[in-house]
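[1] Below is the structure, and that's it, no one-letter string:
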């Protein structure tokens, strides 16, 4: 059984995917002012998951282009929505076996950065990734409202059935 915080991350990922349902390639490429487009957001979350769960602790970089294309602080881009979603699926699939090893003890360990101690625990990184998704869920819903989408998903979904509180 996964650690309860991993269950929460997976529920958050499912809510995020629910918020992306029905978005077209054209809609995903729309920019409103200085806001990033939805396709960028998808790639950005793939970048964060890759950086946090694959690169920092394991030295693995499946998609090196993410650093330049959608990394934090990089110039605005408009990547392909389909490509970014495919990339996100590949990254999260690769990260999941590592996440399944987490215990409370492991979550208290330092998450290395460039091979050095970072001062950030794996547990804090897990919470940062989860909360980062919720930030972008709200942003995506705002963009969808600006695109005049109706019947948007209501958040938070079926938490009690899919990821209820449970002690470790």
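    Sure thing, it's come through. Owing to the predicted nature of the structure, the values given are computational and were not obtained by experimental measurement.

[2] which intervals of this protein have sub-threshold pLDDT?
    Within the chain, not a single segment meets pLDDT under 70.

[3] all helices for it, in order.
    4-20, 25-28, 38-49, 56-58, 65-70, 81-99, 104-107, 122-146, 159-162 (DSSP state H).

[4] quick one: the residue most central in space within the chain and residue 52, what's the gap?
    The centroid of the chain falls nearest to residue 45 when counting by C-alpha atoms, centre = their mean (3.8 Å). According to C-beta to C-beta, to the nearest Å, residue 45 and residue 52 sit 10 Å apart. C-beta here means a position set from N, CA and C on the backbone, and glycine is covered the same way.

[5] Relative to its centre, which residue of the chain is most distant?
    residue 148 (24.7 Å).

[6] Give me the distance between that one and residue 95.
    35 Å.

[7] Likewise for residue 64?
    Distance, residue 64 to residue 95, using C-beta to C-beta: 16 Å.

[8] Kindly report the same for residue 58.
    9 Å.

[9] do residue 113 as well
    Distance, residue 113 to residue 95, by C-beta to C-beta: 17 Å.

[10] For those two, indicate the residue with more neighbours.
    residue 95 (21 against 15; other C-beta atoms under 10 Å).

[11] ok, now which ones touch that one?
    Shown in contact with residue 95 (C-beta atoms under 8 Å, 6 or more residues apart in numbering): 49, 50, 53, 54.

[12] Please repeat the previous calculation with a cut-off of 10 Å.
    Residue 95 makes contacts with 9, 46, 49, 50, 52, 53, 54, 58, 60, 62, 129, as judged by C-beta atoms under 10 Å, 6 or more residues apart in numbering.
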